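A.B. asks: attaching a predicted model along with its sequence, questions to come.
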Amino acid sequence: MNKYEEQKFNLVNLKGLSEKQVTEHIKLYGGYVKNTNNLTDKMAELKINSEANALALSELTRRFGFEWNGMRLHELYFDCLDGAGQTAEEGNLKMMIEAQYGSFDNWLHEFKSVGLMRGIGWVILYYDPIVKRLQNVWIADHEVGHLASLPIILAMDVWEHAYLLDYLPSQRKEYIEAFFQNLNWRKLNERLHLG
């Protein structure tokens, strides 16, 4: 059976995020990859006699959603960081944001405000290709609350492990500012398929 492979990210010199913070966060991502592979193997074993193993299989399947989504969300998160300090470049994404929200700053304020909500989780910018609309969404646990079938344009991790070595829990706003200073907007534009 094919295994999921841990992706490598060259994330040096990020503004406001130390090498130690990024290294530890990437280690946590590696754990999601390892756990996803382990669960895949274990579920394959249990499926040989799925009727007798129904209870164990259901729990592992639930856990698989958490680990797999944790793996994929972290890949989306790390892949769009580069430390270049870009501003949102002109392109389809910025034009769509401005058309829908009235201005880029209006969208940015809303997205960051969602990130400042109490609790741990993710802020996701989805694109709905059916109605051609962007959607800012709060996701608490990896496997709960996702909008089915919608492509993810931007994923911002606001679990405390994403910033705790550099910022206190009360400094989440400063972490969010650092996150935005490191976004690669070209990659975000590539994720937007207007089809």
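C.D. replies: Nice, thanks for sending it over. Residues are numbered from 1 along each chain as shown.
A.B. asks: contacting residues for Trp68?
C.D. replies: When contacts are counted by Cβ atoms under 8 Å, 6 or more residues apart in numbering, Trp68 touches Tyr32, Thr36, His142. Heads up, the C-betas are built off the backbone N, CA and C, glycines and all.
A.B. asks: any chance of those in JSON lines with pLDDT as columns?
C.D. replies: Below are those laid out as JSON lines (pLDDT from 0 to 100):
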{"residue": "Tyr32", "pLDDT": "97"}
{"residue": "Thr36", "pLDDT": "96"}
{"residue": "His142", "pLDDT": "81"}
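A.B. asks: sitting in helices, which of the residues you listed do you find?
C.D. replies: Using DSSP state H, the subset of the contacts of Trp68 located in helices is Tyr32, Thr36.
A.B. asks: hey, where'd the helices end up in the chain?
C.D. replies: So, for the chain - with DSSP H - the helices run 19-46, 54-79, 92-101, 104-115, 172-181, 185-191.
A.B. asks: the ones you listed: which one's closest to Tyr4?
C.D. replies: helix 19-46 (5.2 Å; Cβ to Cβ).
A.B. asks: now that closest one: buried residues?
C.D. replies: For helix 19-46, the neighbour count (16 or more other Cβ atoms under 10 Å) marks 21-22, 25-26, 29, 32-33, 35-37, 39-40, 42-43, 46 as buried.
A.B. asks: among these, which one sits closest to Gly91?
C.D. replies: Checking the buried residues of helix 19-46 against Gly91 by Cβ to Cβ gives Val22 as the nearest, at 26.5 Å.
A.B. asks: now the closest one, nearest residue through space, not along the chain?
C.D. replies: In space, and not counting its chain neighbours, Val22 is closest to Leu11: 5.0 Å by Cβ to Cβ, 6 or more residues apart in numbering.
A.B. asks: distance-wise, check Val144 relative to Asn69.
C.D. replies: According to Cβ to Cβ, to the nearest Å, Val144 and Asn69 sit 9 Å apart.
A.B. asks: quick one, which of those two is more surrounded?
C.D. replies: It is Asn69, of Val144 and Asn69, that has more neighbours when counted by other Cβ atoms under 10 Å, with 19 against 11.
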